[in-house]
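Trainee: Below are the sequence and a predicted model; questions follow.
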Amino acid sequence: MDVVAVKNKFQIVIPQRVREQVQVEIGDLLEAGVENGKITFTPKSLVDRRLAEALEDVKQGRTHGPYRSASAAIKVLEKHAKHHARKRRA
């Protein structure tokens, strides 16, 4: 087991061996917690709420397409955007 020191501003360095075991990279997010009197850090990923909603739509089969071309997809998207804009004005 590796021992780390708490530095000023309460910073610690996660030992390389530990980082490699959980595949933590620079910029990753860790959820800090306490379990049975021990400090825990769990790697987390945040998903934008709209992305989460879109993924749920896909899971539920609420999708469009497939389209024969990009221009065909754009045409349908523009149609939906116009329809949505009309509904917002009403």
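Mentor: The structure has been received and is ready for your questions.

Trainee: Show me this structure divided up by domain.
Mentor: Domains of the chain are assigned by automatic domain parsing as 8-44, 49-89.

Trainee: Next, the distance between the ends of the shortest one.
Mentor: Its start and end residues considered, domain 8-44 measures 25 Å (C-alpha to C-alpha, to the nearest Å).

Trainee: Mean pLDDT added to the domains of the chain, as JSON lines?
Mentor: Listed next are these as JSON lines, based on pLDDT from 0 to 100:
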{"stretch": "domain 8-44", "mean pLDDT": "94"}
{"stretch": "domain 49-89", "mean pLDDT": "88"}
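
Trainee: what about the nearest residue to residue 64 once chain neighbours are set aside, how many neighbours?
Mentor: With C-beta to C-beta, 6 or more residues apart in numbering as the criterion, residue 64 has its nearest non-adjacent residue at 6.2 Å, and that residue is residue 76. Placement of C-beta: from N, CA and C, glycine included. Residue 76 is flanked by 12 other residues according to other C-beta atoms under 10 Å.
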